[in-house]
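Student: from the sequence below, what's the structure:
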Amino acid sequence: MAQKRQLLHNKKLLHLAPDGGTYIFFRYNDKQTVKVVMNKQHQPVTLGLARFNEARQQDKTATEVISGKTIKLDKQLSVPARGTLVLDIVRVK
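Tutor: Numbering: from 1, shown residues only. Model (predicted):
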């Protein structure tokens, strides 16, 4: 957990302009990327992932930090209504 806190507080930040009630930012270093997706809408949202290709998302698997669930980052990402996803993106070597 301390390593994740270090990443959130001491590494590079990339944030994307809010779009359709969603806000996304990345904290990253050479070894790890954390993606945070927030949805302020009152209904779930499905995001196409093509717009994030430049945003350190070349790796295709993530762990949702809160639930521990593995999420495949291929074409779309579902975000619950008024919800937040915190994704630890696994680096594929």
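Student: which parts of stretch 79-93 are buried?
Tutor: Buried residues in stretch 79-93, counted by 16 or more other Cβ atoms under 10 Å: 79, 85-89. Where C-beta positions appear, they are placed from N, C-alpha and C, glycine not excepted.
Student: could those residues be laid out in a markdown table, adding distance to residue 11?
Tutor: Below are those laid out as a markdown table (distance: Cβ to Cβ, whole Å):
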| residue | distance to residue 11 |
| --- | --- |
| 79 | 23 |
| 85 | 19 |
| 86 | 15 |
| 87 | 15 |
| 88 | 13 |
| 89 | 13 |
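Student: where does the residue nearest the centre of the chain sit, in terms of helix or strand?
Tutor: For the chain, residue 35 is the residue whose C-alpha lies nearest the centre (Cα atoms, centre = their mean; 2.5 Å). Here residue 35 sits within strand 33-39, counting by DSSP states H and E.
Student: low-confidence ranges in the protein?
Tutor: Counting by pLDDT under 70, the ranges of the chain that qualify are 1-10, 53-59, 91-93.
Student: can you give me the strands in it?
Tutor: 12-19, 22-28, 33-39, 45-48, 61-64, 70-72, 76-79, 84-90 (DSSP state E).
Student: just those strands: most buried one?
Tutor: strand 33-39 (a mean of 20; mean count of other Cβ atoms under 10 Å).
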